[in-house]
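Peer 1: from the sequence below, what's the structure:
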Amino acid sequence: MSTISGIAVNVRGRTITSWHSVLFAAVKTWWVKYLAHRVEREALIQLQRMSDRELEDIGLKRSQIRMAVRGELDRRPFPDQY
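Peer 2: Residues are numbered from 1 along each chain as shown. The predicted structure follows:
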């Protein structure tokens, strides 16, 4: 197996990956995590700025904000039935 870009080459059954493809993968992973962190942070800020009444309207209590943003909040009405 070989690719035109020279990223991966199969030599005697072993795939050899060039250093720049490894670097690119590491940078890409870091960038995706960074963007996810920024989105989470902005969502936390926006929800924390809401009044208790506004949070109640969307079904949240102030203590549930962090769990809701991280997707850890169980929103099913009867969790034992599923």
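Peer 1: top helix in this structure by residue count?
Peer 2: helix 19-49 (DSSP state H).
Peer 1: so which bits of it are buried?
Peer 2: Leu47 (16 or more other CB atoms under 10 Å). Just so you know, the C-beta spots here come from the backbone N, C-alpha and C atoms, and that holds for glycine as well.
Peer 1: mind checking how far Ala43 is from Arg62?
Peer 2: Per CB to CB, to the nearest Å, Ala43 is found 14 Å from Arg62.
Peer 1: okay, now the unreliable bits of this protein?
Peer 2: Applying pLDDT under 70 to the chain flags residues 1-17, 75-82.
Peer 1: in this structure Asp52 contacts Arg62, no?
Peer 2: Yes - here Asp52 reaches Arg62: they are 6.4 Å apart, a contact under CB atoms under 8 Å.
Peer 1: more neighbours: these two, which one.
Peer 2: For Asp52 versus Arg62, the count of surrounding residues by other CB atoms under 10 Å is larger for Arg62: 13 against 10.
Peer 1: let me see the contact set for that one.
Peer 2: 48, 52, 55 (CB atoms under 8 Å, 6 or more residues apart in numbering).
Peer 1: ok, back up a step: skip ahead from the longest helix of the chain and say which helix or strand is next.
Peer 2: Using DSSP states H and E, the helix or strand that follows helix 19-49 in sequence is helix 52-57.
Peer 1: and Gly71, what does it touch?
Peer 2: Contacts of Gly71 (CB under 8 Å, 6+ apart): none.
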